[in-house]
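S.K.: Need a 3D model of the following:
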Amino acid sequence: MLAGKLGEQLLPGRIYAGQAGATAWPSGTRRVSTLGSRIGTNHLKGSVRGSTFRLTLGALLRGPLDLQVIGDRRLAPASEKAVTRWMDEHLSLAVHPCSDPDTVGEIEHRVLAQLDPPLNLEGMPTTGIRVRLSELRRVLRNRPGAPPRVTGKTIARPTPPVARPATRVTLHEEIADILREGSGGWTSTQELADAVNRRDRYSKGDGSAVTAFQIHGRTRKYANLFERDGTKVRLRES
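M.R.: Numbering: from 1, shown residues only. Take a look at the predicted model:
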């Protein structure tokens, strides 16, 4: 079912890999998340808005499962349940424990480089599958208030406006908030991008994940808020 939407064959094996609980460097902040909370709360019992993996599955299964998009990265409750049922019925899970959270982040980079799971997008090499997947994920970006799409003589009306949550913030505000929570110390642009995507309070217009390059550009634009040293960023509280 997944390969049919991607237009390319998926080889047997792992399709996605991720970690939880890695120490945030260079701040050294210890995270409380675990694979149990990440998988159980976000991926299996969450929503496409709170899980990038679930968003990917929703984009691929929208047609086969007749999923109903009701807003910006939002599925109808029945459609969310359909995604959960599909995951329960079709996916297997392998857990590899690591006793030292200080090394988990580096291990994840090595695992992704070695296995190259096709449904991992952030920081991965460009492939035909990933290009197609990014296009499909944009379909779930249903922006309220967009003008009608004209298709021949038929006008497709937009979905009625959906109120944006009050918690949505600008990117530089979100970066500053993340740094304050980590005592404002030097933090890499990649760690900041990961934190922004994980918190899911800020979202890009095309539905893609925030990248380290985008963090670099935004913190450079707001030099009154941030100090930068190569790929490291910290608050300029003064």
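S.K.: Which parts of this protein are helices?
M.R.: Read by DSSP state H, the chain holds these helices, from start to end of the chain: 2-6, 35-37, 52-61, 77-90, 101-115, 128-139, 171-181, 189-199, 212-221.
S.K.: What is the neighbour count of Gln68?
M.R.: 14 (other CB atoms under 10 Å). C-beta here means a position set from N, CA and C on the backbone, and glycine is covered the same way.
S.K.: What of Leu35?
M.R.: A count of nearby residues for Leu35, using other CB under 10 Å, gives 17.
S.K.: could you dump the helices of the chain to a markdown table with distance to Gly21 and mean pLDDT?
M.R.: Written out in a markdown table, the entries for those read as follows (distance: least, CB to CB, whole Å; pLDDT from 0 to 100):
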| stretch | distance to Gly21 | mean pLDDT |
| --- | --- | --- |
| helix 2-6 | 28 | 83 |
| helix 35-37 | 7 | 84 |
| helix 52-61 | 17 | 92 |
| helix 77-90 | 22 | 95 |
| helix 101-115 | 5 | 89 |
| helix 128-139 | 26 | 88 |
| helix 171-181 | 17 | 87 |
| helix 189-199 | 12 | 88 |
| helix 212-221 | 21 | 89 |
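S.K.: For these, could you give me JSON lines that also reports distance to Gly46?
M.R.: Listed next are those as JSON lines, based on distance: least, CB to CB, whole Å:
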{"stretch": "helix 2-6", "distance to Gly46": "19"}
{"stretch": "helix 35-37", "distance to Gly46": "11"}
{"stretch": "helix 52-61", "distance to Gly46": "6"}
{"stretch": "helix 77-90", "distance to Gly46": "8"}
{"stretch": "helix 101-115", "distance to Gly46": "20"}
{"stretch": "helix 128-139", "distance to Gly46": "16"}
{"stretch": "helix 171-181", "distance to Gly46": "20"}
{"stretch": "helix 189-199", "distance to Gly46": "12"}
{"stretch": "helix 212-221", "distance to Gly46": "24"}
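S.K.: who touches the residue positioned nearest the centre of the chain in this structure?
M.R.: Against the mean C-alpha coordinate of the chain, by CA atoms, centre = their mean, the closest residue is Thr52 at 3.7 Å. For Thr52, the set of contacting residues under the criterion of CB atoms under 8 Å, 6 or more residues apart in numbering consists of 121-122, 197, 209.
S.K.: Could you identify the most distant pair in those residues?
M.R.: In terms of CB to CB, those reach their longest pairwise distance at Leu121 and Asn197, which sit 10.4 Å apart.
S.K.: Please identify every residue contacting each of those two.
M.R.: With contacts taken as CB under 8 Å, 6+ apart, the residues that reach both Leu121 and Asn197 are 52, 209.
S.K.: coming back round to it: closest one of the contacts of Thr52 to Cys98?
M.R.: For Cys98, the nearest member of these is Glu122. The distance, counting by CB to CB, is 20.1 Å.
S.K.: quick one: contacts for the closest one?
M.R.: For Glu122, the set of contacting residues under the criterion of CB under 8 Å, 6+ apart consists of 52, 193-194, 197, 209, 211.
S.K.: Would you reformat the residues you listed as JSON lines and include distance to Ile70?
M.R.: Below are those laid out as JSON lines (distance: CB to CB, whole Å):
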{"residue": "Thr52", "distance to Ile70": "19"}
{"residue": "Ala193", "distance to Ile70": "28"}
{"residue": "Asp194", "distance to Ile70": "28"}
{"residue": "Asn197", "distance to Ile70": "22"}
{"residue": "Ala209", "distance to Ile70": "22"}
{"residue": "Thr211", "distance to Ile70": "28"}
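S.K.: count of residues packed around Ile178?
M.R.: Applying other CB under 10 Å, I find that Ile178 has 23 neighbouring residues.
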